[in-house]
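S.K.: need a 3D model of the following:
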Amino acid sequence: MEYSESLKKNRDFQVVYRQGTSYANRYLVMYVKENHLEKNRIGISVSKKVGNSVVRHRLTRLIRESYRLNEQKFRSGLDIVVVARVNAKGRSCQEIEKALLHLGRLQKILNKKKEKSSDSYDCLCRSENGIGGKDESHTD
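M.R.: Model (predicted):
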């Protein structure tokens with residue numbers, strides 16, 4: 001399977017919104033449409049309702065990283081649009097990854113073979129688990 005590309009054009013997003021199937025959970029909404037290519041194209045949308053640009057970009061990075069780490073689990077030949085909901089604000093990498101895979105199962109776009117659960121969130125979420133990030137021993 002080739003690696004995924006990004007959906008960039010508004011018209012591509014609109015086609016997926018109008019012609020694709022959608023499922024939602026507490027944090028994300030996923031729209032999926034066949035694209036008849038050998039690779040997936042993924043688009044991520046985070047509304048201004050979710051928060052300021054820092055919050056929106058963080059959510060975008062979390063969704064993109066969650067997809068990247070689990071990309072081999074998704075069937076190829078799909079256009080996927082993931083929309084972050086307001087409840088996703090402030091969620092951890094693990095929660096976003098779990099929500100993304102849940103929607104993949106609902107859409108029936110995950111590959112059939114069973115794979116052991118991964119600790120894929122480790123590399124992105126280290127600072128959330130107390131490894132890296134701010135030096136907590138420093139006091140002002």
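S.K.: elements contacting the helix or strand of the chain with the lowest mean pLDDT?
M.R.: Using mean pLDDT, DSSP states H and E, the weakest-scoring helix or strand in the chain turns out to be strand 5-6, at a mean of 93. Secondary-structure packing of strand 5-6 (3 or more CB pairs under 8 Å, 6 or more residues apart in numbering; DSSP states H and E): strand 41-46. Any C-beta I mention is one placed from the backbone N, CA and C, and that applies to glycine too.
S.K.: give me the mean pLDDT for the strand it packs on.
M.R.: For strand 41-46, the mean pLDDT works out to 97.
S.K.: L59 and R11: what is the separation?
M.R.: Between L59 and R11 the computed distance is 24 Å (CB to CB, to the nearest Å).
S.K.: pick out whichever of the two has more residues nearby.
M.R.: L59 (24 against 8; other CB atoms under 10 Å).
S.K.: what about the more buried one, which SS state?
M.R.: helix (DSSP: H, G, I helix; E, B strand; the rest coil).
S.K.: how about E95?
M.R.: E95 is classified as helix under three-state DSSP.
S.K.: what about it, neighbour count?
M.R.: 18.
S.K.: just the one 3 residues further on next, same as before
M.R.: By the measure other CB under 10 Å, the count of residues near K98 is 16.
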